[in-house]
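Enquirer: The sequence and its predicted three-dimensional model are supplied below.
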Amino acid sequence: MFGPLTHTNFREIWFASLMSNLALLITGVGAAWAMTLLTDSVQQVALVQSALMLPFLLFAMPAGAIADSHDRRNVAMIALCGAALVNLLIAAVTLAGLLSPPVLLGLCFLLGMATTTFTPSWQSSASEQVPANELPRAVALNAISFNIARSFGPAVGGVLVAVAGAAAAFGTSALLYLPMLAAFWRWKRAPEKPRLPPERVVSAIVSGIQYIAHSAAMRGAIIRSFLYCAGVSAIIGLMPLISKQALGGGPLIFGVLLAGYGCGAVLGGLFLDRFRALLGSAPIENGTALAGVGMVCLSFCNTVWVASLVLVLIGAVWTQALTSLNVAVQTGAPRWVGGRALAAFQATAAGGFALGSWLWGYVAEQTSIPIALILSGAVLLCFSIAGRWLKAAEDIPNPAAVLDELEEPEIDLALTGRSGPIVIEIEFMVPEEEARSFYESMLVVRLIRRRNGVSAWSLARDIANARRWVERFHCPTWHDYLRHRSRLTAAEFEQVRDLSARYGEGGELRITRLLERPVGSVRWREETPDRDEVPAGLIP
């Protein structure tokens, strides 16, 4: 389990991540308690968690696109500086006596934006710090890092708030980002030499969404993360009120309760395989159902120690479910879209937390805290049942990239990277008795093409030659087509190559590449100069 920590860069960043995660949790405790002093509104208190998590829902995909397209080390360092500065600003506003509910929620939202930008770059960089065979354990350790911080971070935050006030908690959080900044500064990341220019952010977001939309297992894992987090968010959103109203405690009791939940989360991460074995053939769904039962039990607890024990159970079984989904998404996404897949997972999880915190705060305000907990437990039970109809995360295909370079396409036009649209036509010669099996195989190829960025895919059959089939698809630009070729995983490449060997004439397919609306490739006058040649190295 701790093998990835033998690698220096990963070890330094991982230990520093304990401090940065601790900083976020201390800020959350300080902000939640400060809100209880500013207003008696249950919904306003629950909105603190929403303000911290909502940026993940809104900005995670752009952050993931930036992580995939730019130097992840630099992006992470800039985001860490932003998080530290926001904490200092909250501390200054608090000391100046200018803090109000809208100001506090706005500053928490800014902190959430900095954290959103940082997280995909940090977590997706694990693949550059450890060997591929250790990546699943590295991903699990990164998830455990947050849970370890959560096991004692809230208690530390509660002590700081109780002894020195909320401003001290915010100032301490700003200092705790410095070790992570130093660790990334010491990491001498080997610069990559991309063969193509980075995608623009908007295009990268679209291609990331397109990949997820056409991967059923990835889509199922991401939908689950939203549903399960929306159900369990009642714990985080209502915990300040549970400690203050239901148990009659202060910030220290608040910290103790969250520490119990965090301890359970650490156990769920450290003994992930053991919990999965105990929970049977559907560990994610069964763990979520058990967490729902725990939520109902929590509504009847009237002492801090019993409530803490129940929270340990909830934290353990629910965290193994979320960690299992996290590991599946990060290890199952190809490298070209890794940051965006992780961002989508975190966006939906954070969106579930943010929307769920608001919802359960509203329910508690209209009814009572115990009723809100009972209803959230019932919702988790329903979501665990619904999750059984979604494709399992374990079915995500192997993302290993193709080792052999593809042959360079023949070009007789002076294309630029923005030339397009590009139309591809591929001819297959299929015996009539194999037409049905070929068609079914091409439906799988359609998903492969769509996942990797093409549009307007179609399959046609020649009415004058029943053996001739034509696959046709579009790419917006020449660079997009080159990216599509480079995104094939080894499994996808083998499947396409098998079709080529079986249905190509002499084992070779006839491929036609066309420039649609080729106005820019035509020399209208003799004195019009030709476009520059394609720069060397742009064609894979």
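Expert: Okay, I see it.

Enquirer: Now the residue nearest to the spatial centre of the chain: phi and psi?
Expert: Central residue of the chain (Cα atoms, centre = their mean): Leu342, 2.4 Å from the mean position. Backbone geometry at Leu342, expressed as degrees, to the nearest 10, gives phi -60, psi -40.

Enquirer: Quick one: residues contacting it.
Expert: If you count contacts by Cβ atoms under 8 Å, 6 or more residues apart in numbering, Leu342 has them with 64, 119-120, 123-124, 329-330, 333. All C-beta atoms are positioned from the backbone trio N, CA, C, and that covers glycine.

Enquirer: How about Val139?
Expert: Val139 neighbours (Cβ under 8 Å, 6+ apart): 123, 126, 326-327, 330-331.

Enquirer: Looking at those residues, which one is closest to Ala143?
Expert: Asn326 (5.4 Å; Cβ to Cβ).

Enquirer: what's the burial count for the closest one?
Expert: Neighbour count for Asn326, taken as other Cβ atoms under 10 Å: 24.

Enquirer: that's a helix at it, yeah?
Expert: Yes: checked against DSSP: H, G, I helix; E, B strand; the rest coil, Asn326 lies within a helix.

Enquirer: residue ranges for the helices of the stretch 1-150 of the chain, please.
Expert: Ranges of helices in the stretch 1-150 of the chain, per DSSP state H, counting those that start in this stretch, are 8-38, 42-69, 72-95, 101-124, 135-164.

Enquirer: again, but for the stretch 201-350 of the chain
Expert: Assigned by DSSP H, counting those that start in this stretch, the stretch 201-350 of the chain shows helices spanning 201-213, 216-241, 251-270, 272-278, 283-298, 304-332, 338-366.

Enquirer: From Leu443, how far out is the nearest residue in space to Leu355 that is not next to it in sequence?
Expert: Among residues not flanking Leu355 along the chain, Ala230 sits closest, at 6.1 Å (Cβ to Cβ, 6 or more residues apart in numbering). Applying Cβ to Cβ, to the nearest Å, the value for Ala230 to Leu443 is 33 Å.

Enquirer: So for the two, which sits in the more crowded spot?
Expert: The residue with more neighbours, out of Ala230 and Leu443, is Ala230; 24 against 9, by other Cβ under 10 Å.

Enquirer: residue contacts, that one?
Expert: Counting by Cβ under 8 Å, 6+ apart, Ala230 makes contact with 352-353, 355-356, 359, 379, 383.

Enquirer: Looking at those residues, state which has the most neighbours.
Expert: Neighbour-wise, the contacts of Ala230 (other Cβ under 10 Å) top out at Gly356, 28 neighbours.

Enquirer: Now for the spatially closest residue to it that is not a sequence neighbour, how many residues are close by?
Expert: Distance criterion Cβ to Cβ, 6+ apart; nearest residue to Gly356, sequence neighbours excluded, is Ser233 at 3.2 Å. Residues near Ser233, counting by other Cβ under 10 Å, number 27.

Enquirer: got it, and the one 3 residues further on?
Expert: Here the number of neighbours of Ile236 (other Cβ under 10 Å) works out to 24.

Enquirer: In this structure it contacts Gly352, no?
Expert: No: applying Cβ atoms under 8 Å as the test, Ile236 and Gly352 come out as separate, 11.0 Å apart.

Enquirer: mind putting the contacts of Ala230 in JSON lines, distance to Glu285 and pLDDT included?
Expert: Shown next, in JSON lines, are those (distance: Cβ to Cβ, whole Å; pLDDT from 0 to 100):
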{"residue": "Gly352", "distance to Glu285": "16", "pLDDT": "82"}
{"residue": "Phe353", "distance to Glu285": "20", "pLDDT": "79"}
{"residue": "Leu355", "distance to Glu285": "21", "pLDDT": "81"}
{"residue": "Gly356", "distance to Glu285": "18", "pLDDT": "83"}
{"residue": "Leu359", "distance to Glu285": "22", "pLDDT": "85"}
{"residue": "Val379", "distance to Glu285": "14", "pLDDT": "86"}
{"residue": "Phe383", "distance to Glu285": "9", "pLDDT": "81"}
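
Enquirer: Nearest to Ser173 among the residues you listed?
Expert: Among the contacts of Ala230, Phe353 lies closest to Ser173 (Cβ to Cβ), at 19.2 Å.

Enquirer: Was I right to think that closest one contacts Ile235?
Expert: No: using Cβ under 8 Å, Phe353 is not in contact with Ile235; the gap is 10.0 Å.

Enquirer: quick one: Met53 and Trp358, what's the gap?
Expert: The gap separating Met53 from Trp358 is 10 Å, by Cβ to Cβ.

Enquirer: of these two, who's got more company?
Expert: Between Met53 and Trp358, counting by other Cβ under 10 Å, Met53 is the more crowded of the two (30 against 19).

Enquirer: Let's see the PyMOL selection covering just the buried ones among the contacts of Val139.
Expert: Remark: buried members of the contacts of Val139, expressed as a PyMOL selection using 16 or more other Cβ atoms under 10 Å:
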select buried, resi 123+126+326+327+330+331
